[in-house]
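> sharing a model prediction with you, sequence too.
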Amino acid sequence: MRRTIAIIGAGVGGLATAALAHDAGHTVTLIERFDTPRPLGSGLVIQPVGLAVLDAVGAGDAARAFGQPIRRMLGHEVSGREVLNVAYPATAPGLALHRSALFQALWDRCLARGISVITSATVASAPLVAGAREVVLEDGRHLGPFDLVVDSSGAASRLSPLRSRALPFGAIWGTVPWPDGTEFAPDHLHQRYRAARDMVGVLPLGQRPGLPGRHAAVFWSMPTAALDGWAHGDMAAWRAGAEALWPQMAPFLATLRTAADMTPARYGHGTLRRPFAPALAFVGDSAHRASPQLGQGANMALLDAMALITALGLRDLGREDPLPAYAAMRRWHVRSYQAMSALFTPMYQSDSRLLPRLRDHLLAPLAPLPVVRQGLTRLVSGDLLPPLAGIAFPKP
């Protein structure tokens with residue numbers, strides 16, 4: 001059944017949904033609030049399950065050309081004790097890249113499909129009218145009606161009923177050139193901790209569209225309250241503190257001059273019990289939010305996109321509305337990763353004295369055991385549980 005579908009938000013989930021919906025034969029309109037669609041943020045990791053979705057969209061090769069394969073995640077306490085060492089399968093690494101690179105790869109595929117895009121359009125509401133939905137913009141325009149509206153507008157969604165719990169720790173992120181002569185491996189995510197109060201990291205990113213050379217993301221965890229005053233902070237003092245915590249990181253900080261070179265990020269935790277309403281579906285952060293500690297945010301949005309379009313195409317469900325099928329496909333994968341995020345995040349970002357000790361003296365010694373090692377690998381790879389319940393998932 002061909003549907004008219006409005007997709008709100010040109011982020012990772014929205015662009016992937018638009019491309020997959022178009023390929024499934026639906027008529028797609030992409031609605032974006034910015035004058036020119038653009039990415040927000042710094043670096044991220046696409047896990048193997050997310051790469052499979054990018055391949056289905058046709059954006060996988062472009063993303064790989066921009067990005068940097070990540071084969072291991074390493075973390076050390078300030079004393080030098082290794083407390084995190086998770087390797088990806090040799091044939092299925094993660095892919096780290098700048099958000100602008102991922103956006104470009106997906107955006108180009110949507111443009112190549114001729115998908116209709118409406119920009120400078122801030123959505124105020126999407127009322128249900130005779131079984132379909134209109135999209136009402138802030139400027140008073142009415143679009144539609146559409147058979148389905150997909151809300152992929154993120155944590156700032158005006159349509160989603162999700163009210164997530166604000167997490168007590170956020171982070172500041174910056175993008176810097178990859179320095180010559182560094183001892184850091186270009187295919188590892190590196191982190192260093194002081195208990196769980198301080199966490200600093202370096203994520204190789206590969207290339208950025210339109211810029212020469214290789215790049216990296218640097219990040220520093222801090223209490224959310226401290227983020228409020230970050231714009232007026234003393235960058236020199238912060239750099240000195242970061243270099244004292246991890247002297248080998250100094251070359252990555254050399255180009256950071258002012259607080260404006262770093263972007264504050266706040267995180268929340270919560271999940272919609274029903275990521276849909278009549279003729280309305282929620283994907284990505286409008287449906288579920290968590291700490292980025294497990295590196296699953298973009299992957300969850302990509303998997304939501306594939307699940308939703310798969311559900312729309314199923315013919316043997318015995319029901320008129322495929323949206324409950326979409327929710328069922330994603331329910332246990334989302335819930336399991338939300339639970340794991342809630343469990344692990346305080347071990348790395350909190351004021352707790354006990355939890356980092358459990359991390360260092362219980363989890364770290366157990367990690368090399370084959371069963372635990374394999375479990376951690378599948379956890380970060382995104383397939384600890386089937387990504388789409390009841391559906392054979394493609395390999396990247």
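Received the coordinates, thanks.
> for the stretch 251-396 of the chain, what are the low-confidence residue spans?
Applying pLDDT under 70 to the stretch 251-396 of the chain picks out residues 315-320, 395-396.
> hmm, try it at 80
Residues of the stretch 251-396 of the chain meeting the criterion pLDDT under 80: 314-321, 392-396.
> quick one, strands of the stretch 201-350 of the chain?
Counting by DSSP state E, counting those that start in this stretch, the stretch 201-350 of the chain has strands at residues 215-223, 263-265, 268-271, 276-277, 280-282, 288-289.
> please work out which of those strands is packed deepest.
Greatest average neighbour count among those goes to strand 288-289 (a mean of 26), per mean count of other Cβ atoms under 10 Å. C-beta: built from backbone N, CA, C; applies to glycine.
> any regions of the stretch 1-150 of the chain where pLDDT drops low?
1, 36-41.
> could you redo the last one with a cut-off of 70?
Counting by pLDDT under 70, the stretch 1-150 of the chain has low-confidence residues at 38-39.
> show me where it has helices.
12-23, 48-57, 60-66, 99-112 (DSSP state H, counting those that start in this stretch).
> closest to P247 out of these?
With Cβ to Cβ as the measure, helix 99-112 is the member of the helices of the stretch 1-150 of the chain nearest P247 (28.9 Å).
> list of residues touching that closest one?
Residues from elsewhere that reach helix 99-112 (Cβ atoms under 8 Å, 6 or more residues apart in numbering): 10-12, 15-16, 18-19, 22, 30, 37-44, 46, 54, 57-59, 62-63, 66-67, 117, 205-209, 298.
> again, only using 7 Å
12, 15-16, 18-19, 30, 37, 39-42, 44, 57-59, 62-63, 66-67, 207-209 (Cβ atoms under 7 Å, 6 or more residues apart in numbering).
> those residues, buried ones only, as a ChimeraX selection?
The ChimeraX selection below is limited to those of the contacts of helix 99-112 classed as buried (16 or more other Cβ atoms under 10 Å):
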select :12,15,16,18,19,30,37,39,41,42,44,57,58,59,62,63,66,67,207,208
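> about what we covered before: okay, the strands of the stretch 201-350 of the chain in JSON lines with distance to R197 next?
Output for these, formatted as JSON lines (distance: least, Cβ to Cβ, whole Å):
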{"stretch": "strand 215-223", "distance to R197": "8"}
{"stretch": "strand 263-265", "distance to R197": "17"}
{"stretch": "strand 268-271", "distance to R197": "19"}
{"stretch": "strand 276-277", "distance to R197": "40"}
{"stretch": "strand 280-282", "distance to R197": "34"}
{"stretch": "strand 288-289", "distance to R197": "23"}
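> buried deepest among the helices of the stretch 1-150 of the chain, which one?
For the helices of the stretch 1-150 of the chain, the largest average neighbour count (mean count of other Cβ under 10 Å) is found in helix 12-23, namely a mean of 27.
> for the stretch 51-200 of the chain, which segments count as strands?
Remark: strands assigned in the stretch 51-200 of the chain by DSSP E, counting those that start in this stretch are 68-70, 72-77, 82-87, 94-98, 116-118, 123-125, 128-129, 132-137, 142-146, 148-151, 165-166, 169-177, 188-194, 198-206.
> make JSON lines out of those and add distance to P247 and mean neighbour count.
Listed next are those as JSON lines, based on distance: least, Cβ to Cβ, whole Å; neighbours: other Cβ atoms under 10 Å:
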{"stretch": "strand 68-70", "distance to P247": "23", "mean neighbour count": "22"}
{"stretch": "strand 72-77", "distance to P247": "13", "mean neighbour count": "18"}
{"stretch": "strand 82-87", "distance to P247": "17", "mean neighbour count": "17"}
{"stretch": "strand 94-98", "distance to P247": "23", "mean neighbour count": "26"}
{"stretch": "strand 116-118", "distance to P247": "47", "mean neighbour count": "15"}
{"stretch": "strand 123-125", "distance to P247": "48", "mean neighbour count": "16"}
{"stretch": "strand 128-129", "distance to P247": "59", "mean neighbour count": "14"}
{"stretch": "strand 132-137", "distance to P247": "52", "mean neighbour count": "19"}
{"stretch": "strand 142-146", "distance to P247": "55", "mean neighbour count": "18"}
{"stretch": "strand 148-151", "distance to P247": "46", "mean neighbour count": "28"}
{"stretch": "strand 165-166", "distance to P247": "33", "mean neighbour count": "12"}
{"stretch": "strand 169-177", "distance to P247": "17", "mean neighbour count": "21"}
{"stretch": "strand 188-194", "distance to P247": "10", "mean neighbour count": "22"}
{"stretch": "strand 198-206", "distance to P247": "11", "mean neighbour count": "23"}
